[in-house]
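Peer 1: structure, please.
(2 chains)
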Amino acid sequence: QKEVEQDPGPLSVPEGAIVSLNCTYSNSAFQYFMWYRQYSRKGPELLMYTYSSGNKEDGRFTAQVDKSSKYISLFIRDSQPSDSATYLCAMADNAGGTSYGKLTFGQGTILTVHP
Amino acid sequence: DSGVTQTPKHLITATGQRVTLRCSPRSGDLSVYWYQQSLDQGLQFLIQYYNGEERAKGNILERFSAQQFPDLHSELNLSSLELGDSALYFCASSASPTGSAQYFGPGTRLLVL
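Peer 2: Numbers count the residues shown, from 1 in each chain, chains lettered A, B, ... in the order given. The predicted structure is shown next:
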């Protein structure tokens, strides 16, 4: 079983829809949670960064972390065609040692927002 | 633009050869990370350097090595290349060595023929 599981989709929604993207994880040591957006053949772009449990909002994006359920979500409101990309969740622990600053990524969800 | 630069953008080489990928972190970032992205494995952590010292290693092959120089740029050396090494290689940087958001460069696309 992978440490981080993410539904690869693909997910197709109409413009203006609310999109929900999710990841589950098994490593209870994860404390830092990130969402990246990756356009085709480009580098991942950091969208949201959260520490521990709770919600964080930035414009049309909301990230939620539920450590008790080992579940994180990214919501995109009023989705636009320009949001079409692959969305990757990523996590890190603070245990030091061999894992130190390593990010563990989900497989990514391919999202298409059609006009 | 994340502020992380990588060269070259594309690299085509033959099996058995050796290549060097270069990364310059964001201004002020001391930590550099290397990741490999392939269709079947996704984004995989290779190695981390912080202020010139190796801090963490992932599933990096023995044929691969990296270093971080005093000016904080980093190089990833891939030797005895195999077809399966064809992938996107990303460099990322962060301000602190743990728990800090990582910013990714545009990547180097390596094709081994």
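Peer 1: which residues touch residue B:78?
Peer 2: Residues near residue B:78 by CB atoms under 8 Å, 6 or more residues apart in numbering or on different chains: B:18-21, B:63-64, B:85, B:110. Every C-beta, even on glycine, is put in place using the N, C-alpha and C of the backbone.
Peer 1: how about a cut-off of 10 Å?
Peer 2: B:11, B:13, B:17-21, B:36, B:61, B:63-66, B:85, B:87, B:89, B:110, B:112 (CB atoms under 10 Å, 6 or more residues apart in numbering or on different chains).
Peer 1: same check, this time on residue B:21
Peer 2: So residue B:21 contacts B:6-8, B:11, B:34, B:66, B:74-78, B:89-91, B:107-108, B:110 (CB under 10 Å, 6+ apart).
Peer 1: just want the residue of chain B that's nearest chain A.
Peer 2: residue B:56 (3.6 Å; CB to the nearest CB).
Peer 1: now the helix or strand hosting that residue, how far from the centre of its chain.
Peer 2: Secondary structure from DSSP states H and E places residue B:56 in strand B:53-57. Its chain's C-alpha centre and that of strand B:53-57 lie 13 Å apart, by CA atoms, centre = their mean, to the nearest Å.
Peer 1: do the same with stretch A:5-20
Peer 2: Computed by CA atoms, centre = their mean, the chain-centroid distance of stretch A:5-20 equals 12 Å.
Peer 1: got it, and stretch B:75-94?
Peer 2: In terms of CA atoms, centre = their mean, the centre of stretch B:75-94 is found 6 Å from the chain centre.
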